[in-house]
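Visitor: 3D, please:
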Amino acid sequence: MPKKKIFRGLAAFIVFSAFFSGGCVYLTHYSDLKKLKNLADSQDQMQEEIKAHEVLFYSLRSDVLENKITQGPDYKEVVSKYGEPILCGPAKAQDEFISSCLYRHPTKYFSSDLIYLNFDSEKKLCSWEIIKANE
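Guide: Residues are numbered from 1 along each chain as shown. A predicted model of the protein is given here:
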């Protein structure tokens, strides 16, 4: 009988040691695991933001192609409807200086349609142009 008690005690000790030593390994690498989890979460957030920008770009593209976009809305209205442009800068059109803003697909840098929205001196949308990507 004493041999069984010793064996049970030894088995319990081994199981107990294995269980807690595995926990210690987890605790020593917890900060590394947390960093990886945070990185994965930020990747998910970036993907969601890219999808939102895609939806806005395709909405603008559709409105331009179907002539649903109109002259007159101010810059803030356009940005609230179609999102922030990739780039804005001064441009000259018919002896009047205006601001021209570029929209393109958020990830297709070289194979996307380019949409230029032009604003007059009062920051009202006055014209637009779409340059189709080579398909």
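
Visitor: Mean pLDDT per helix and strand in this structure: which one sits at the bottom?
Guide: helix 2-28 (a mean of 59; mean pLDDT, DSSP states H and E).

Visitor: which residues touch the residue nearest to Lys108 when sequence neighbours are not counted?
Guide: Using Cβ to Cβ, 6 or more residues apart in numbering and skipping the chain neighbours, the partner closest in space to Lys108 is Ala133 (7.8 Å). C-betas here are computed from N, CA, C, even on glycine. When contacts are counted by Cβ atoms under 8 Å, 6 or more residues apart in numbering, Ala133 touches 108, 111-114.

Visitor: Which helix runs longest in this structure?
Guide: Of all the segments of type helix in the chain, defined by DSSP state H, the longest one is helix 30-65.

Visitor: pLDDT averaged over stretch 43-52 - what is it?
Guide: Regarding stretch 43-52, the rounded mean pLDDT is 90.

Visitor: hmm, I was thinking of stretch 80-91
Guide: 93.

Visitor: If you count neighbours, what's buried in that stretch?
Guide: If you call a residue buried by 16 or more other Cβ atoms under 10 Å, then stretch 80-91 has these buried ones: 82-83, 85-86.

Visitor: quick check, nearest of those residues to Ser42?
Guide: Proximity of the buried residues of stretch 80-91 to Ser42 (Cβ to Cβ) peaks at Gly83, which lies at 20.5 Å.

Visitor: So the closest one is in contact with His53, correct?
Guide: Yes. If you go by Cβ atoms under 8 Å, Gly83 and His53 touch, sitting 6.1 Å apart.

Visitor: follow-up on the earlier one: of the contacts of Ala133, buried ones?
Guide: Buried among the contacts of Ala133 (16+ other Cβ under 10 Å): 112-113.

Visitor: before we move on, what SS does Glu84 have?
Guide: Under DSSP: H, G, I helix; E, B strand; the rest coil, Glu84 falls in the coil class.

Visitor: Next, work out how far apart it and Tyr103 are.
Guide: For Glu84, the distance to Tyr103 equals 9 Å [Cβ to Cβ, to the nearest Å].

Visitor: Many thanks, have a good one.
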